[in-house]
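K.L.:
could you work out the structure for the sequence below:
(4 chains)
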Number of protein chains: 2
Amino acid sequence: MATIRDVARLAGVSVATVSRVINKTDSVNPETAGQVLKAIEQLQYEPNAVARGLAGKKMGIIALILPDILNPFFPALARGVEDVAHKKGLTVILGNSDDQGLKESSYIKVLKKKYVDGFIFASNTILEEDVEALRKEQIPIVLLDRGLNTASCAVIRSNNREGSKLAVKHLVEQGCQKIAHIYGPQEFITARERMLGYEEIAGRLREYSPSLMEQGNFDIESGQKAVEQLLVRHPDLDGIFAGNDLMAVGALKALHERGIPVPEQVKVCGFDGIGLTEITEPELTTIAQPVYEMGGLAAQILLDEIESGTRENKLIELDVTLIPRKSTHKEES
Amino acid sequence: MATIRDVARLAGVSVATVSRVINKTDSVNPETAGQVLKAIEQLQYEPNAVARGLAGKKMGIIALILPDILNPFFPALARGVEDVAHKKGLTVILGNSDDQGLKESSYIKVLKKKYVDGFIFASNTILEEDVEALRKEQIPIVLLDRGLNTASCAVIRSNNREGSKLAVKHLVEQGCQKIAHIYGPQEFITARERMLGYEEIAGRLREYSPSLMEQGNFDIESGQKAVEQLLVRHPDLDGIFAGNDLMAVGALKALHERGIPVPEQVKVCGFDGIGLTEITEPELTTIAQPVYEMGGLAAQILLDEIESGTRENKLIELDVTLIPRKSTHKEES
DNA sequence: TAAAATAATGTAACCGATTACAATATAACC
DNA sequence: GGTTATATTGTAATCGGTTACATTATTTTA
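P.N.:
Numbering: from 1, shown residues only, chains lettered A, B, ... in the order given. Modelled structure (predicted):
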């Protein structure tokens, strides 16, 4: 591998000049630049990223820390981030935090030493002090799905409350009168917002009762259990809005086990828009978040901050979309 | 951030001695070491990974290049790799190649400049010349699912042929007599092996015919289409072995559309063991690959090679497991 | 007991870039 | 025409470690 000194020697100039040509940081005589370019070409020279990193304290790497890539919500996010980053010549480091603040801290510690350019956290557990520390060290950071009160950096999420309202309204339109809600863990702001959206619309219904809500865990099994509980209290419920798609799948399973036909007797709607929803039987109506776009946007904002050295503490809420499918289909009568 | 020179100054020794204490590369007087450790503690010193990387040509990063993290097969692989890497203090860079050799080459080019310690390719498209080039530069590399004929490095895959045989035998045991196969793109060695396994067992059946095989594309839609074709030729088929789970899901969809009951009239078996198979109706029998373990093992081998500087051109085939579920269930009579 | 091996430490080059500062030549200004 | 601004280039320090080589003190070996 040729170094900048090899190029300088061959072109008959100093390394500083070569560096100037490469980075266009300073004026260089066009003729000289020509020589340098020729030498670069001839030696197939490529600047060493690590040496650059050491000098500039930036390795051209962004870190994406998410709870668990196994959760079907995150691959699309990761892909969105990676596509944007790759287009700009940056690479992406992936970390799984398992929603443990400590693991996140440990990633931060390790990656700071590697001069990562910035962080994207798709997580609810990141500690405020960690955010603050990065802020102080001027390391850009973008958060996904985090509360805005604590936000001292850019935050991206989708409009969970509106999405929730969309879902419940849709169920009502399809003829549901007694709509239950399986909500996710309340430490997640997304789960709280979705619950609020549900309450806002469902609360107006004649059949509404707080006991129509049941906690789940954002996974399939908990959705299943929640429905079992709900059916004990309300055997006559005719609609279920699950706080995410996995729990909706669980709901579908539970209903199927009990022989309750979907959508004829009970209609089910999920939230997230992950791929699973297309392969259940019946296919699952859901509120789709623009997950891929969220990832792309997060990367875009991060890259902008990295490049400009500025920080924008804005909160961006992306629109969600109702995808009506068979699980909420209304029979024509 | 304190540097090694700060530590040296505070401890009253040279930087070389500090380095020796940190890396335990050379004998140091215990008393001196004590001073150094105290200084390190006091200054909260952490060695800078980039400077280390520059000097040692290793950044403590491994690259995982896979076709597409959106394909549900790969998150588990990525998680397996990351868990092992993280345990050893290494970080993982993720790249999506979309099965394009050129994109892979571009990742290699970029990442070599970043002094990545090694590569894991979960891909069929990597160019032989790229492997060879890395070999020459002593950069460790592990391949997943790649042909062994060309292998000049460690290769890990699961025993596709045996898995396939397991699947077909299982269908036979469940009473199938006319078993079709949807095979994947033949440039994938996995698809070829699975087909061979199918032929070996199914070829012995009385009802066997080569026209029971139909090409698919490893995605849901192609599975659906393949079944439609197959049903035209063989309306009486009673078993389908799909080359992967996604195509099996497609098969299920096609059968469901036609009102053909599964497993009563036709039994279906997939391959891979991804999570989707648990949420279809009926749940899908599949041949599970130990995907998470494969990732972990790949990382393990890579780390060993990185540490020892050796290369082992071994081919490892991991065992697969039949997971019988409702989609191949035999009615008791 | 002299010679050879081992332990402990320091000096300084090196990894391969960036960049502050200095130096020179040329162009623009009054 | 002298002075100041601008363009062009080079020198050498710097980023923050690792490590080859040299030096001195202490042990082991013959």
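K.L.:
residue contacts, the residue nearest to A:Arg325 when sequence neighbours are not counted?
P.N.:
Closest residue in space to A:Arg325, ignoring its immediate chain neighbours: A:Glu283 at 4.1 Å, by Cβ to Cβ, 6 or more residues apart in numbering or on different chains. Just so you know, the C-beta spots here come from the backbone N, C-alpha and C atoms, and that holds for glycine as well. The contact partners of A:Glu283, taken as Cβ atoms under 8 Å, 6 or more residues apart in numbering or on different chains, are A:277, A:325-327.
K.L.:
can you add distance to A:Gly197, pLDDT and secondary structure and give those back as JSON lines?
P.N.:
Supplementary listing: those in JSON lines, determined by distance: Cβ to Cβ, whole Å; pLDDT from 0 to 100; DSSP: H, G, I helix; E, B strand; the rest coil:
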{"residue": "A:Thr277", "distance to A:Gly197": "19", "pLDDT": "96", "secondary structure": "helix"}
{"residue": "A:Arg325", "distance to A:Gly197": "20", "pLDDT": "98", "secondary structure": "coil"}
{"residue": "A:Lys326", "distance to A:Gly197": "23", "pLDDT": "97", "secondary structure": "helix"}
{"residue": "A:Ser327", "distance to A:Gly197": "19", "pLDDT": "98", "secondary structure": "helix"}
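K.L.:
buried subset of these?
P.N.:
The neighbour-count test (16 or more other Cβ atoms under 10 Å in any protein chain shown) applied to the contacts of A:Glu283 identifies A:277, A:325, A:327 as buried.
K.L.:
pretty sure the first one sits against A:Leu284.
P.N.:
Yes - at 3.9 Å, A:Thr277 counts as touching A:Leu284 under the criterion of Cβ atoms under 8 Å.
K.L.:
need the residues touching each of these two.
P.N.:
A:245, A:248-249, A:270, A:325.
K.L.:
quick check: domain ranges of chain A?
P.N.:
The record's domain split for chain A, according to automatic domain parsing, is A:1-40, A:57-158+A:291-319, A:160-289+A:322-328.
K.L.:
now do the SS call for the residue nearest to A:Arg325.
P.N.:
Using DSSP: H, G, I helix; E, B strand; the rest coil, the three-state assignment for A:Glu283 comes out as coil.
K.L.:
measure it to DNA strand C for me?
P.N.:
With the distance defined as Cβ to the nearest atom of the strand, to the nearest Å, A:Glu283 ends up 53 Å from DNA strand C.
K.L.:
and if you look at A:Lys253?
P.N.:
Shown here: A:Lys253 relative to DNA strand C, a distance of 57 Å by Cβ to the nearest atom of the strand.
K.L.:
what's the closest non-adjacent residue to that residue?
P.N.:
Closest to A:Lys253 by Cβ to Cβ, 6+ apart is A:Gln224, at 5.3 Å.
K.L.:
so who does that neighbour touch?
P.N.:
For A:Gln224, the contact set (Cβ under 8 Å, 6+ apart) comprises A:250-251, A:253-254.
K.L.:
and it, how close does it get to A:Asp319?
P.N.:
Applying Cβ to Cβ, to the nearest Å, one obtains 30 Å for the distance of A:Gln224 from A:Asp319.
K.L.:
same check on A:Lys136?
P.N.:
On the measure of Cβ to Cβ, A:Lys136 and A:Asp319 end up 34 Å apart.
K.L.:
more neighbours, these two?
P.N.:
For A:Lys136 versus A:Asp319, neighbours defined as other Cβ atoms under 10 Å in any protein chain shown are more numerous around A:Asp319 (12 against 8).
K.L.:
my guess is the more buried one meets A:Pro290, correct?
P.N.:
Yes - the pair formed by A:Asp319 and A:Pro290 meets the contact definition of Cβ under 8 Å, at 7.5 Å.
K.L.:
common neighbours of the two, please.
P.N.:
Shared contacts of A:Asp319 and A:Pro290 (Cβ under 8 Å, 6+ apart): A:Ser158.
K.L.:
who in chain A is up against DNA strand C?
P.N.:
If contact is defined as Cβ under 7 Å from any atom of the strand, the residues of chain A in contact with DNA strand C are A:1-5, A:15-16, A:19-20, A:22-23, A:25, A:46-48, A:50-52, A:54-56.
K.L.:
buried subset of those residues?
P.N.:
Burial by neighbour count, 16+ other Cβ under 10 Å: within the residues of chain A next to DNA strand C this picks out A:2, A:4, A:19-20, A:22, A:47-48, A:50-52, A:54.
K.L.:
picking that back up, next one, pLDDT for the residue nearest to A:Lys253 please.
P.N.:
Per-residue confidence (pLDDT) for A:Gln224: 97.
K.L.:
quick one: it from A:Asn313, how far?
P.N.:
Going from A:Gln224 to A:Asn313 by Cβ to Cβ gives 40 Å.
K.L.:
how about A:Leu205?
P.N.:
Between A:Leu205 and A:Asn313 the computed distance is 39 Å (Cβ to Cβ).
K.L.:
swap in A:Pro290?
P.N.:
22 Å.
K.L.:
check A:Asn48 too.
P.N.:
Distance of A:Asn48 to A:Asn313, given as Cβ to Cβ: 35 Å.
K.L.:
ditto for A:Leu64
P.N.:
Counting by Cβ to Cβ, the separation of A:Leu64 from A:Asn313 is 20 Å.
K.L.:
the two: who's more crowded?
P.N.:
Comparing A:Leu64 with A:Asn313 by other Cβ under 10 Å, the one with more neighbours is A:Leu64, at 27 against 11.
K.L.:
the more buried one: what's it in contact with?
P.N.:
Contacts of A:Leu64 were listed using Cβ under 8 Å, 6+ apart, and they are A:77-78, A:81-82, A:92-95, A:119-120, A:122.
K.L.:
now, these that are in helices?
P.N.:
With helices defined by DSSP state H, the entries of the contacts of A:Leu64 inside them are A:77-78, A:81-82.
K.L.:
scan those and report the most crowded one.
P.N.:
Of all the ones in helices among the contacts of A:Leu64, the highest neighbour tally under other Cβ under 10 Å goes to A:Val81, namely 30 neighbours.
K.L.:
surely that one is in contact with A:Ala299?
P.N.:
Yes - in this structure, A:Val81 sits in contact with A:Ala299. The criterion is Cβ under 8 Å, and the distance is 4.5 Å.
K.L.:
overlap in contacts, these two.
P.N.:
Listed contacts common to A:Val81 and A:Ala299 are A:62, A:120; contacts here mean Cβ under 8 Å, 6+ apart.
K.L.:
and the helix or strand bottoming out on mean pLDDT in chain A, what other elements does it pack with?
P.N.:
Ranked by mean pLDDT, DSSP states H and E, the helix or strand of chain A with the weakest confidence is helix A:128-136, at a mean of 89. Here helix A:128-136 is seen to pack against helix A:101-113, strand A:141-144 when contacts are counted using 3 or more Cβ pairs under 8 Å, 6 or more residues apart in numbering or on different chains; DSSP states H and E.
K.L.:
want to throw these into TSV with distance to DNA strand D?
P.N.:
TSV is the format used below for the helices and strands packed on helix A:128-136 (distance: least, Cβ to the nearest atom of the strand, whole Å):
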stretch	distance to DNA strand D
helix A:101-113	8
strand A:141-144	21
